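Student: I'd like to go over a predicted model; first the sequence, then the structure.
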Amino acid sequence: MNNISSIQEEGMVIIDLLTPNEVAKILKVNVRTVTNLIRAGELKGVKVGRVWRIKEEDLQAFIDENQ
């Protein structure tokens, strides 16, 4: 997994966000499992409009907690 790459532009920090599909590939599970984990509060996610996004650091925390 890549490190979080953040860029500072005019006082704003831009953080790479992953899609549920990307997280599913990393965890080798179905995308539905990822959305279920988010809805259950086990994996932190942010809803942007109608789609979920996951911070890389939140995915890493989830992995660390569930080893």
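Tutor: Good, I have the coordinates. Bear in mind the structure is a predicted one, so any value in this text is a computation, not a measurement.
Student: ok, how many other residues are close to the residue lying closest to residue 51 once chain neighbours are set aside?
Tutor: Closest residue in space to residue 51, ignoring its immediate chain neighbours: residue 19 at 7.3 Å, by CB to CB, 6 or more residues apart in numbering. Just so you know, the C-beta spots here come from the backbone N, C-alpha and C atoms, and that holds for glycine as well. By other CB atoms under 10 Å, the residues close to residue 19 number 14.
Student: where along this protein do the helices fall?
Tutor: Remark: helices assigned in the chain by DSSP state H are 20-27, 31-39, 56-65.
Student: and residue 49, which of those helices is closest to it?
Tutor: helix 20-27 (13.7 Å; CB to CB).
Student: Export that closest one to CSV, keeping only CA atoms.
Tutor: This file holds the C-alpha atoms of helix 20-27, laid out as CSV (Å, rounded to 0.1, in the frame of the first residue of the first chain):
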residue,chain,number,x,y,z
PRO,A,20,-14.6,0.9,-1.8
ASN,A,21,-13.5,-1.0,-4.9
GLU,A,22,-9.8,-0.1,-4.2
VAL,A,23,-10.2,-1.2,-0.6
ALA,A,24,-11.9,-4.4,-1.6
LYS,A,25,-9.0,-5.3,-3.8
ILE,A,26,-6.4,-4.5,-1.1
LEU,A,27,-8.3,-6.6,1.5
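Student: What are the buried residues along it?
Tutor: Of all the residues in helix 20-27, those buried under the rule 16 or more other CB atoms under 10 Å are 20, 22-24, 27.
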